[in-house]
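J.: With the sequence up front, the predicted model follows.
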Amino acid sequence: MKTTIIKLLIIPLSLIVLLSSCNSDDDATQPEIGMEDPMDDTPDNDDDVANLDLTFTMHTQQDQIGDFAFHQMAVFNGSVHSYYGAGLGATTETPYNLGVWHSDDGVAWYSDASFGSERRGHSVTEFNGDLFLIGGADNDDNELEEIWISNDGFFWTLGSDILPFGSVSFHSTVAFNDQLYLITDDYEDDDGTQMMAIYRSNDGFNWDLIATDVFPVRSAAETVVFNNKIYLIGGTNDTNFLNDIWTSDDGITWTQVTPSGSFVNPIVFHSLNTYDNALWLIGGWSSTNQYNNHIWYSQDGITWINYDGEIPFDGLYAHETLFYEDELWIFGGVQEDGLSGAIGSIKINN
């Protein structure tokens, strides 16, 4: 169950120490989750993209927002917004306490009014000029069945708390071809078999179930729209972490681009975004290392390059990346010594 993973990866510093003591770079398995065998991460080099010249900028090690992870973010109406997750001073009773924040430059942060419950495993997506915050799980591990809508990123209205997909967490949402898509493993057929389900909406309020059992069950996968397709990478099925890549040009029919074993080690809580006409996968908790600082990028979603230059930040997971001010920004995350408040960016030098 997803609640098992949530409890294993809970964020208070005392539990991070416990997790770190149970894991090392040589054996990063979770106490109750069996992992696949480690694999060779070495990619085939492509001279066209292998020798990128990158500039890394550290904007702050910690600002007003403090340390944070498992948050969801969006660039909206010129501001950067962060919604919920784990923050500085989290406790076992209230591990997800970050609240709601915004910044006009990505560095200086201001606290905003909260709405609904504090949570993690939610999604925040811009669609039709509004932001949609969907689902998540609260501090009592209750999955939430609700959609919140905002037209400015600051003031939110509860759009619905009765949804065809029910309560969801660690799902994915993307805006694609003038539709909003929700991908979840919170679906069971008439026999009680758990499977993936895809829902689609043209307004964010009314949803249709358009596909089920489209690829192996997983939660906490990362999705993004790239080259007129939806890309989905990684996640966990509560037995193994995964590293296969799936794409769809309609949300109904899905194709496996790369099978398990041909890409990065099985991974969860990584970030996936687009920058300079390429897919970028950064960090995450893999089957061989709990805290990864690797950077992978691909111009076609098939051939992936592991950036081999110096990377001046420590390994992390449960962070966020955003394309902002013509750079790829990295916000927060969980590192070996606890939550991170670091905010940095990556720029390709022409």
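T.: Now that the structure is in, tell me what you want to look at.

J.: so where's the stretch 251-350 of the chain shaky on pLDDT?
T.: Under the criterion pLDDT under 70, the flagged ranges of the stretch 251-350 of the chain are 261.

J.: switch to 90 and redo it
T.: By pLDDT under 90, the weakly predicted segments of the stretch 251-350 of the chain are 258-263, 350.

J.: Could I get the full set of strands for it?
T.: Assignment of strands within the stretch 251-350 of the chain using DSSP state E, counting those that start in this stretch yields the ranges 255-258, 267-268, 271-274, 279-282, 285-286, 295-298, 305-306, 320-324, 327-331, 334-335, 338-339, 343-348.

J.: May I have the strands that pair with the helix or strand hosting Val124, each with its orientation?
T.: Element membership of Val124, judged by DSSP states H and E, is strand 123-127. Each strand that pairs with strand 123-127, with its direction, by DSSP bridges: strand 130-134 (antiparallel).

J.: Mind listing what's buried along the strand holding Val124?
T.: By neighbour count, with 16 or more other Cβ atoms under 10 Å as the criterion, the buried positions of strand 123-127 are Ser123, Val124, Thr125, Phe127. (C-beta placed from N, C-alpha, C; glycine too.)

J.: In this structure the last one contacts Phe205, no?
T.: Translated: Phe127. No - judged on Cβ atoms under 8 Å, Phe127 makes no contact with Phe205 at a distance of 10.9 Å.

J.: anything in contact with each of the two?
T.: Contact criterion Cβ atoms under 8 Å, 6 or more residues apart in numbering; no residue bridges Phe127 and Phe205 by contacting each.

J.: what comes into contact with stretch 152-159?
T.: With Cβ under 8 Å, 6+ apart as the contact definition, stretch 152-159 has outside contacts at 74, 76-77, 79, 81, 102, 112-113, 115-116, 131-133, 146-150, 204-205.

J.: Relative to Leu242, which of the buried residues of strand 123-127 is nearest.
T.: Ser123 (18.8 Å; Cβ to Cβ).

J.: Just to check, that closest one is in contact with Gln72?
T.: Yes - between Ser123 and Gln72 there is a contact at 6.3 Å, judged by Cβ under 8 Å.

J.: quick one: common contacting residues for these two?
T.: Common neighbours of Ser123 and Gln72, counting by Cβ under 8 Å, 6+ apart, are Leu133.

J.: which stretches of the protein have low pLDDT?
T.: Per-residue confidence for the chain (pLDDT under 90) gives these ranges: 1-52, 89, 93, 160-162, 238, 258-263, 350.

J.: how does it look with 50?
T.: For the chain, the stretches flagged by pLDDT under 50 are 1, 3-8, 10-48.
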